[in-house]
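J.: All I have is the shape, not the residue letters:
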Ligand code: V47
């Protein structure tokens, strides 16, 4: 990592002129703060004017976050890799009894939570496979154990497909949507505070049938997050790209997320005096469009539900999966996908370049091209292993801060809900 400090130039005047005539209208729309269409999204993916796409994403990112870039002090816990499914993109899953299969006891989870808390972490990010044998109580006990032994830790846990699995094993089956709401309420009562964005993959039936056929489809993934929002939990969203999907399918994925977020934020936008056109809530316009606060934050006037906080585009890692013969996306495709996500998802406040998958060096570049968050210290991560990394994948706060500064931004520690963290060693508090 270079120690050179880079000052990104992103003023409107510094934007390169379009060589692709299709970009002219897009530039006008972005500068005016108008929503981009699916057709625009495809142009952003296909145009040779990559610098222009990235420059536009940076302008929009700075409207929302100025020169701040976010990180957190967290721990990921992958409590078990035993999974009833066998998605072909996934190298994490094992069958019970298979070499390398594991599951954490509640005692082990407690130990990790205590260690995380003692080290000053603010968040536990907990996900695992769909374990065919663990009872529902394992999950509620896991949450309540953490809640009791480390009450300061925010518990962000379980992807949408795990929630559907928990609904099934909890005997809360009844009506599908109601059952999901009920199981989420049980989990919330036990200590769950938000949902991570995993398991969304690509919202497309063809892609679903080809590489994750037995997993839930887009409508169920979106329903789980809608239900979580309904009961006041915030969540994130991901998009796993660079395998068998095509670019229009990625754009469609973004459109579905954007549409759902529109419906969620409508009431909030009205209370904040943010104009909507056809119910569209666009947060990424120029300063003069938003004399009031444009960023949704929990507890704000008009916001009675949770919402999508962050989009995390995840580049596909073929290593050791059934799709190992695929090349995976290039660095340039990863950079472009971050920029396109920032421009298309105009109502999701944050774009995360997850350093574990993007690498810290590329995450620096991504901060200059649409991303405003790089995730946190992580410590343990078992789902992907970049270039032979072990499960111990940790970085320090010093390195996160240095990376952010080198990229030309001001590092700011956040909690899971993007409140500013004030820290004194392992002691911390939030601004609210
Ligand atoms: O759900 C699985 C994906 C996800 C592979 O919410 C793969 O803040 C690439 O969701 N190559 C887990 N990706 C990671 C995730 C996440 C990460 C960081 C932050 C947040 C957040 C969420 O990883 C899985 C799946 O979609 N995945 N296999 C693979 N071979």
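T.: It's in. Bear in mind that the values here come from a model prediction, so they are computed numbers and not experimental data.
J.: May I ask you to confirm that residue 303 is in contact with residue 266?
T.: No - applying CB atoms under 8 Å as the test, residue 303 and residue 266 come out as separate, 10.7 Å apart. No exception for glycine: its C-beta is placed from N, CA and C like everyone else's.
J.: So between these two, which is more surrounded?
T.: It is residue 303, of residue 303 and residue 266, that has more neighbours when counted by other CB atoms under 10 Å, with 19 against 16.
J.: Report the secondary structure state of that one.
T.: The three-state label given to residue 303 by DSSP: H, G, I helix; E, B strand; the rest coil is coil.
J.: Please, which helix or strand holds the residue lying closest to it once chain neighbours are set aside?
T.: Leaving aside its sequence neighbours, residue 303 sits nearest to residue 268 (CB to CB, 6 or more residues apart in numbering; 4.3 Å). Following DSSP states H and E, the helix or strand that holds residue 268 is helix 247-271.
J.: is that helix anywhere near the ligand?
T.: No - contact between helix 247-271 and the ligand is absent, the nearest approach being 12.1 Å (criterion: CB under 6 Å from any ligand atom).
J.: Report all helices and strands that that helix contacts.
T.: Applying 3 or more CB pairs under 8 Å, 6 or more residues apart in numbering; DSSP states H and E, we find helix 247-271 packed against helix 38-46, helix 218-230, strand 234-241, strand 308-315, helix 331-344.
J.: so how far is the helix or strand where residue 180 lies from its chain's centroid?
T.: Using DSSP H and E, residue 180 maps to helix 176-190. Taking CA atoms, centre = their mean, to the nearest Å, one finds helix 176-190 lying 22 Å from the centre of the chain it belongs to.
J.: buried residues in it?
T.: 179, 180, 181, 182, 183, 184, 186, 187, 188, 190 (16 or more other CB atoms under 10 Å).
J.: for stretch 370-388, same thing?
T.: 370-379, 381-385.
J.: next one: stretch 206-224
T.: Neighbour-count burial for stretch 206-224 flags 207, 208, 211, 212, 215, 216, 218, 220, 221, 222, 223, 224 (criterion: 16+ other CB under 10 Å).
J.: So for stretch 129-144, first residue to last residue, what's the gap.
T.: 20 Å (CA to CA, to the nearest Å).
J.: do stretch 142-155 as well
T.: The first and last residues of stretch 142-155 sit 10 Å apart, counting by CA to CA.
J.: quick one: contacts for residue 73?
T.: For residue 73, the contact set (CB atoms under 8 Å, 6 or more residues apart in numbering) comprises 119, 120, 121, 122, 123, 376, 377, 397, 413, 421, 423, 428.
J.: Compare those residues and tell me which is most surrounded.
T.: residue 376 (27 neighbours).
J.: Could I get the contacting residues of that residue?
T.: By CB under 8 Å, 6+ apart, the contact set of residue 376 is 71, 72, 73, 74, 123, 400.
J.: at 6 Å what do you get?
T.: Applying CB atoms under 6 Å, 6 or more residues apart in numbering to residue 376 gives the contacts 71, 72, 73, 74.
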